[in-house]
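1. The following comprises the amino acid sequence and a computationally predicted model.
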Amino acid sequence: MINKTQLSMVDAIAQIKDGSTIMIGGFGSAGQPAELIEALIEHGPRDLTIVSNNAGNGDTGLALLIKARLVKKMICSFPRQHDSWHFDSLYREGGIELELVPQGNLACRIQAAGSGLGAIFTPTGYGTLLAEGKETRTINGKNYVLEMPIVADVALIKAQQGDRWGNLVYRKSARNFGPIMAMAAKTTIAQVAEVVELGDLDPEQIITPGIFVQHVVLAHPTTTQQLITAKAA
């Protein structure tokens, strides 16, 4: 019997090793799997490459992972915001690398990995520093830059509901990067607010089918947020 809800959050995260490439879903703090990130910090793998929309906000979630100096490199679209002080500090002192990727390109490169594509041509970034050293091509009179897919060892995503087969339903903006990250990672760990019985999810509402998910773990936001707040203090 397939049951992807058997592992605890700690046990699911324990498989992540030093040097792993990890995709983290969310648009800023919206849809970010904060409880999985907390477990990752406790586990403590080092020299991580993190693929995410931004480089953390304030003193929660991804920002605390960066603060703990577990991240070697960030691949993201928005590294600097008014409350990205942990990334800013480390970057200025040379403690973290950055690969800046326009948001559309970031999504397309992740989607390319999940779709099994070898590479994609995109007009975004052509003629700028972001295109230096990359192959370019003119197609139908328009200039393009060759971009490579982004593949991850693990994707950490957040969904509203999941079942034991790993089928996922999202809530609002938590859906942003989660579905394509689940497709582009070798292992996907999804934290959910509710685990439901098989058959309870409306098939028309399932966004990520279980074939792309290896582990579904139940999150307890109140308890974990208290731990995050205490650690930040």
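-> Everything's here; your move.
2. What helix or strand is Leu156 located in?
-> Assigned by DSSP states H and E, Leu156 falls within strand 152-162.
3. Could you list every helix and strand that that strand packs against?
-> strand 21-24, helix 34-43, strand 168-169, helix 178-184, strand 185-195 (3 or more Cβ pairs under 8 Å, 6 or more residues apart in numbering; DSSP states H and E). C-beta: built from backbone N, CA, C; applies to glycine.
4. what about those, which gets the closest to Lys72?
-> Lys72 lies closest, by Cβ to Cβ, to one member of the helices and strands packed on strand 152-162: strand 21-24, at 10.1 Å.
5. What strands line up against that closest one, and which way round?
-> strand 48-51 (parallel), strand 152-162 (parallel) (DSSP bridges).
6. Let me know the average pLDDT across the longest one.
-> For strand 152-162, mean pLDDT is 97.
7. quick one: it to chain centroid distance?
-> Relative to its chain's centre, strand 152-162 lies at 8 Å (Cα atoms, centre = their mean, to the nearest Å).
8. orientation of that strand relative to strand 185-195 in degrees?
-> Here strand 152-162 points in a direction 20 degrees away from that of strand 185-195 (axes from the mean of the first three to the mean of the last three Cα atoms, to 10 degrees).
9. and the residue of the chain positioned farthest from its centre, what does it touch?
-> The outermost residue of the chain relative to its centre, with distances by Cα atoms, centre = their mean, is Gly141 at 35.2 Å. Gly141 makes contact with no residue, according to Cβ atoms under 8 Å, 6 or more residues apart in numbering.
10. Mind pulling up the pLDDT for the closest residue to Gly58 other than its chain neighbours?
-> Using Cβ to Cβ, 6 or more residues apart in numbering and skipping the chain neighbours, the partner closest in space to Gly58 is Asp83 (4.5 Å). On the pLDDT scale, Asp83 is placed at 83.
11. so how many other residues sit close to Asp83?
-> 14 (other Cβ atoms under 10 Å).
12. hang on, it is in a helix, isn't it?
-> No: counting by DSSP: H, G, I helix; E, B strand; the rest coil, Asp83 is not found in a helix; it is coil.
13. Could you double-check that it lies in contact with Ala55?
-> No: counting by Cβ atoms under 8 Å, Asp83 sits too far from Ala55 to count as a contact (10.6 Å).
14. list residues touching both of these two?
-> Contacts common to Asp83 and Ala55, judged by Cβ under 8 Å, 6+ apart, are Ala63.
15. List the residues that contact Lys186.
-> 151-154.
16. again, but for Gly19
-> 45-49, 72.
17. cool, Ser20 as well?
-> 45, 48-49, 153-154.
18. and of these, the nearest to Met9?
-> Closest to Met9, out of all of the contacts of Ser20 and judged by Cβ to Cβ, is Val154, at 13.3 Å.
19. So which residues of this protein form strands?
-> 21-24, 48-51, 71-76, 97-100, 120-122, 136-139, 142-147, 152-162, 168-169, 185-195, 215-218 (DSSP state E).
20. closest one to Lys4 among these?
-> strand 215-218 (5.0 Å).
21. Check which helices and strands the closest one sits against.
-> Using 3+ Cβ pairs under 8 Å, 6+ apart: strand 215-218 touches helix 9-13, strand 185-195.
22. thinking Thr21 is in contact with Val151, fair?
-> Yes: using Cβ under 8 Å, Thr21 is in contact with Val151, at 7.3 Å.
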